[in-house]
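**Student:** 3D model of this:
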Amino acid sequence: MKLKVGDKVVVIAGSSKGKEGKITKTLRNEDKVIVEGVHIVKKHKKGNGQETGGILETEAPIHVSNVMLIDPKTKKRTRIGYKKDEKTNKKIRISKKSNEKID
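**Tutor:** Numbers count the residues shown, from 1 in each chain. Next up is the predicted model:
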């Protein structure tokens, strides 16, 4: 999975198409991400002695193929590539659109 927690992404498919937000959690085994403020679902929770029940709104996971990274330079959606850094000899993520390093 090329996306990480903290990346700013835009939803490109589904009922939340066009919405933007930051990734709060990645579910690597399922290839899904949870994006802040996107794909809100209602959950019915039964109350117990300590907590009250009710209808709670929570963020549901989205498949990673339905989101794209927002390029920090151009502010448009972009694909992610990899390049080897000459100084540290480590693999770094780059934006395919602007060829800039992604932190």
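**Student:** Please save the CA atoms from stretch 21-34 in CSV.
**Tutor:** Extracted C-alpha coordinates of stretch 21-34, given in CSV (Å, rounded to 0.1, in the frame of the first residue of the first chain):
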residue,chain,number,x,y,z
GLY,A,21,-9.5,14.5,4.1
LYS,A,22,-6.5,13.1,5.9
ILE,A,23,-6.0,9.4,6.5
THR,A,24,-6.4,8.5,10.1
LYS,A,25,-5.9,4.7,9.9
THR,A,26,-4.7,2.1,7.4
LEU,A,27,-6.0,-1.4,7.3
ARG,A,28,-3.2,-3.2,5.4
ASN,A,29,-4.7,-6.7,5.5
GLU,A,30,-7.9,-5.5,3.9
ASP,A,31,-6.4,-2.8,1.6
LYS,A,32,-8.6,-0.1,3.1
VAL,A,33,-8.1,3.3,4.7
ILE,A,34,-10.2,5.4,7.1
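**Student:** So what are the sheet partners of the longest strand belonging to the chain and their directions?
**Tutor:** If each strand of the chain is counted by residues according to DSSP state E, the longest one is strand 20-27. Strand 20-27 pairs in its sheet with strand 8-11 (antiparallel), strand 32-35 (antiparallel), by DSSP bridges.
**Student:** just the ones you listed: most buried one?
**Tutor:** With neighbours defined as mean count of other C-beta atoms under 10 Å, the strands paired with strand 20-27 peak in mean count at strand 32-35, which reaches a mean of 22. Every residue, glycine included, has its C-beta placed from N, CA and C.
**Student:** for that strand, the distance to its chain's centre please.
**Tutor:** In terms of C-alpha atoms, centre = their mean, to the nearest Å, the centre of strand 32-35 is found 5 Å from the chain centre.
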